[in-house]
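**Q** Build me a model:
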Amino acid sequence: MTAATTSAEPPRGALSYPNYRRYWLASLAMVFGMQFRFIASGWLVHQLTDSPFWLGVPGLISAVVTILLTVPAGLLADRMDNQRLLAGGRGLTCLAHLALALLVVGEVVQVWMVLVWAGVTGVLAAVTNPAQNALLPRLIERPAMASAVALAAAIWNSMRIVGPATAGVLIAVVGIGQAFFVTTLGYAISTYLIWSLRLEPQAPHDHSEHGGGMLDGLRYIAAQPIFLATIGLSFFSSIFGRSYVVLLPIFADDVLNVGVRGFGYLEAAAGVGALIGTLSIVRVRAGRHTGNLMVGAALVFGLWIAAFTASRSLTLSMGLLFGGAFFASVYLNLGMTTLQLMVPDALRGRVMGIWGLTWFLSSAGGFFAATLAEFVGAPVAVAAGALTVSAFAAFVWVAFADIRTLPSREQMAA
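**A** Take a look at the predicted model:
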């Protein structure tokens, strides 16, 4: 039975589908391994250069390459079998991490090698991101889409709570090179599980109605108010709203004076809020108020984070971060579910690739916020970004009537 099949029975959770379970475990293995990559790559560059400047360069290279290639990669996901494309991309990513691990253990790694590695993994991330989003509807029936989106996001939010600490401790014990071997293993398991999915052959898409060009996804988004507004909310969230994530160490050290331990508490509070917000989407039955809930949650998110910047209490700050992350998860998960249910199959890779692109814009948003913070301070910079998200959400609600009358997820899935 495929995602296109509609059941008359009560909606099933996504994990009741064997293919989705394998997909979910594949994501879990990959994200767990990536925690070691995030920590180990920073320590590696620091040891090689002893320069704060170089710490951000590999991530910037990877993000820029991914952003530039996301649109053509979306076209690739619409033209090729997305299961094979995803498995192949993750398999090559596995080999890239294995190569870096061997270079580190062999004590021959140099900075330029890390930069090349960052560029290669950025290319592979651009290829796999649209394929991963395009594959999702083939694993489940449409009524289970909200559950599938929430459970996939829960992996990232859970790892945000426990992943960095676990990876940091293990890296201190086993070393940087061995940490990249853990990432390699995570990608190897993920590749095997994706490759082993038992799916019906992917039917060729009919491009006669929506076109088969690389920019047709952008044209479709621009012509569809719901898509334009929903993806716009994600763009604003990434560029302006998530600046607090980058500047959180400054709040912990200079604003709240709570040090590294307090920073960990703040991160954990945001992670728990995001996780609970994500899981709540499975239970929420917004009905015909789906659009209002999505826009309202975005508006409240900005206000919550702006309030966080004014707090000078660790406990209050943790509560505000918890609430902000909760509301962010609500509107971002509702947005992705809406797009997955409404996008034409012929454009799924390109449209969902552009949606996924917004997550890579956080690096650019963090750079802008950090630059602004140099002149006006971190609290003002973060508050300005958060209120920008709220202002855009208010604009969407006023200017896009289609959002206010968005069908329920149950209606979209029918």
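**Q** got the residue ranges for the helices in the stretch 151-300 of the chain?
**A** 176-195, 216-223, 225-236, 243-250, 259-283, 290-310 (DSSP state H, counting those that start in this stretch).
**Q** Tabulate the ones you listed in CSV, adding columns for mean pLDDT, mean neighbour count and distance to residue 63.
**A** C-beta: built from backbone N, CA, C; applies to glycine. Listed next are the helices of the stretch 151-300 of the chain as CSV, based on pLDDT from 0 to 100; neighbours: other C-beta atoms under 10 Å; distance: least, C-beta to C-beta, whole Å:
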stretch, mean pLDDT, mean neighbour count, distance to residue 63
helix 176-195, 92, 22, 18
helix 216-223, 82, 17, 20
helix 225-236, 89, 22, 15
helix 243-250, 79, 21, 13
helix 259-283, 81, 19, 21
helix 290-310, 93, 22, 22
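**Q** The ones you listed into CSV, with extra columns for distance to residue 110?
**A** Converted to CSV, the helices of the stretch 151-300 of the chain look like this (distance: least, C-beta to C-beta, whole Å):
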stretch, distance to residue 110
helix 176-195, 14
helix 216-223, 39
helix 225-236, 36
helix 243-250, 28
helix 259-283, 30
helix 290-310, 40
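**Q** Quick one, which of the ones you listed gets closest to residue 146.
**A** helix 259-283 (5.9 Å; C-beta to C-beta).
**Q** Residue 401 versus residue 140, what's the distance?
**A** According to C-beta to C-beta, to the nearest Å, residue 140 and residue 401 sit 31 Å apart.
**Q** These two - which one has more neighbours?
**A** The neighbour comparison of residue 140 against residue 401 (other C-beta atoms under 10 Å) goes to residue 140, with 24 against 10.
**Q** Now residue 354. Nearest residue, chain neighbours left out?
**A** Of all residues not flanking residue 354 in the chain, residue 217 sits nearest, at 5.9 Å (C-beta to C-beta, 6 or more residues apart in numbering).
**Q** what about the helix or strand residue 115 falls within, distance to the chain center?
**A** Using DSSP states H and E, residue 115 falls within helix 111-135. From the chain centre to the centre of helix 111-135 is a distance of 14 Å (C-alpha atoms, centre = their mean, to the nearest Å).
**Q** Over to stretch 179-199?
**A** 19 Å.
**Q** Contacts made by it with the rest, please.
**A** Residues outside stretch 179-199 that contact it (C-beta atoms under 8 Å, 6 or more residues apart in numbering): 2, 18-19, 22-23, 25-27, 29-34, 36-37, 39-40, 83, 86-87, 90-91, 93-94, 97-98, 100-101, 104, 138-139, 167, 170-171.
**Q** Can you flag the buried ones in those residues?
**A** Among those, those buried by neighbour count (16 or more other C-beta atoms under 10 Å) are 19, 22-23, 26-27, 29-34, 36-37, 39-40, 83, 86-87, 90-91, 93-94, 97-98, 100-101, 104, 138-139, 167, 170-171.
**Q** Low-confidence stretches in the chain?
**A** Applying pLDDT under 70 to the chain flags the ranges 1-11, 51-53, 55-56, 160-169, 171-172, 202-214, 260, 283-288, 363-364, 407-414.
**Q** longest helix anywhere in it?
**A** Identified as the longest helix of the chain according to DSSP state H is helix 18-49.
**Q** Packing partners of that one?
**A** If you count contacts as 3 or more C-beta pairs under 8 Å, 6 or more residues apart in numbering; DSSP states H and E, helix 18-49 packs onto helix 52-55, helix 57-79, helix 82-105, helix 111-135, helix 145-174, helix 176-195.
**Q** Just put those helices in CSV and tack on distance to residue 277.
**A** Formatted as CSV, those follow (distance: least, C-beta to C-beta, whole Å):
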stretch, distance to residue 277
helix 52-55, 30
helix 57-79, 25
helix 82-105, 27
helix 111-135, 20
helix 145-174, 8
helix 176-195, 25
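**Q** Geometric centre of this structure: which residue is closest?
**A** Centrality entry for the chain: nearest residue to the mean C-alpha point is residue 359, 5.1 Å, by C-alpha atoms, centre = their mean.
**Q** Surely that residue and residue 239 touch.
**A** No. Counting by C-beta atoms under 8 Å, residue 359 stays clear of residue 239, with 11.0 Å between them.
**Q** Pop the domain breakdown of the chain in here.
**A** Per the record, the chain has its domains at 15-199, 212-414, by automatic domain parsing.
**Q** Distance of residue 255 relative to residue 383?
**A** Using C-beta to C-beta, residue 255 is found at 12 Å from residue 383.
**Q** for residue 87, that is, sorry about that
**A** 44 Å.
**Q** With residue 116 instead?
**A** Distance of residue 116 to residue 383, given as C-beta to C-beta: 39 Å.
**Q** The longest helix of the chain vs helix 176-195, what angle?
**A** With axes from the mean of the first three to the mean of the last three C-alpha atoms, to 10 degrees defining the directions, helix 18-49 sits at 160 degrees from helix 176-195.
**Q** Could you count how many residues lie near the residue nearest to residue 126 when sequence neighbours are not counted?
**A** In this structure, residue 126 finds its nearest non-sequential neighbour in residue 69, 3.7 Å apart by C-beta to C-beta, 6+ apart. Residue 69 has 21 neighbouring residues, counting by other C-beta under 10 Å.
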